[in-house]
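Q: Need coordinates for the below:
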Amino acid sequence: MSELRAAVVQDDVTGRVLMLGWMDDEALAATRATGMVHFFSRSRQRLWRKGETSGNGLHVHEIVPDCDDDALLVRVHADGPTCHDGSTSCFTPWLWRTILRRQAEGAEDSYVASALGRGPAFAARKVGEEAVEVAVAALAEDDERVVSEAADLWFHLLLLLRSRGLDPAAVEDELRRRRR
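A: Reported below is the predicted structural model:
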């Protein structure tokens, strides 16, 4: 086996870092030959193509080595979510990852699982309630209260996105689009 190089995978359009994988010479050659990202799996000790089981492949736009040629930037177009948990990126905020994990676990005592089980209408009502509470706090209460209410709003907005099957990355993409 040849030396492994870190391969940072980046969305070609948004610039979002999607994941980190490892490439040996065989993975790099397969990636260049097929136009689909291949990695060397350190746990399975074999070559694998990203998306071979999920169908969420990564189409190569460009491969750029770093200055020492010991790491690669792989700019891609993704067929779907890159992360195994269904997120656009493996580098998602901790709160989003927590929501996904609690939904998957489905524990009866989990507020997240319960709220998501009630559907988008429940989450939408909570977003409305929390937005009003943020506005009231901003006009009449101290900064600590504003932060507390904003945290509630932020959390419930993420629940609403999840209840609709949306990823927060879609909101980032929309804001990036508006900036142009």
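
Q: what does stretch 81-94 contact?
A: 9, 16-20, 50, 54, 56, 58, 78, 96-97, 100-101, 104, 167-170 (C-beta atoms under 8 Å, 6 or more residues apart in numbering). Backbone N, C-alpha and C define where each C-beta goes, glycine included.

Q: Name the helix or strand of this protein that has the lowest mean pLDDT.
A: Ranking every helix and strand in the chain by mean pLDDT, DSSP states H and E puts helix 168-179 at the bottom, with a mean of 93.

Q: Check which helices and strands it sits against.
A: Helix 168-179 sits against helix 143-163, with contacts defined as 3 or more C-beta pairs under 8 Å, 6 or more residues apart in numbering; DSSP states H and E.

Q: quick one, domains of this structure?
A: 5-78, 94-179 (automatic domain parsing).

Q: mind putting these in CSV, distance to residue 88 and mean neighbour count included?
A: Shown next, in CSV, are those (distance: least, C-beta to C-beta, whole Å; neighbours: other C-beta atoms under 10 Å):
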stretch, distance to residue 88, mean neighbour count
domain 5-78, 7, 16
domain 94-179, 4, 15
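
Q: Please produce TSV containing these, extended by distance to residue 86.
A: Below are the domains of the chain laid out as TSV (distance: least, C-beta to C-beta, whole Å):
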stretch	distance to residue 86
domain 5-78	9
domain 94-179	7
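
Q: Where does pLDDT dip in this protein?
A: Screening the chain residue by residue with the criterion pLDDT under 70, one finds the ranges 1.

Q: For it, which segments count as helices?
A: For the chain, the helices defined by DSSP state H cover 25-34, 94-105, 111-117, 120-140, 143-163, 168-179.

Q: Compute the inter-axis angle for the second one and helix 168-179.
A: Going by axes from the mean of the first three to the mean of the last three C-alpha atoms, to 10 degrees, helix 94-105 is angled at 140 degrees with respect to helix 168-179.

Q: now what about stretch 97-115, what contacts it?
A: Residues outside stretch 97-115 that contact it (C-beta under 8 Å, 6+ apart): 85-87, 116, 122-123, 126, 158-159, 162-163.

Q: what's the closest of those residues to residue 72?
A: Using C-beta to C-beta, residue 87 comes nearest to residue 72 of the contacts of stretch 97-115, at 22.3 Å.

Q: how near is that closest one to residue 41?
A: Residue 87 sits 20 Å away from residue 41, going by C-beta to C-beta, to the nearest Å.

Q: Then residue 137?
A: Going from residue 137 to residue 41 by C-beta to C-beta gives 49 Å.

Q: which one in the chain is furthest away from the centre?
A: When distances to the mean C-alpha position of the chain are computed (C-alpha atoms, centre = their mean), the maximum falls on residue 140, with 36.1 Å.
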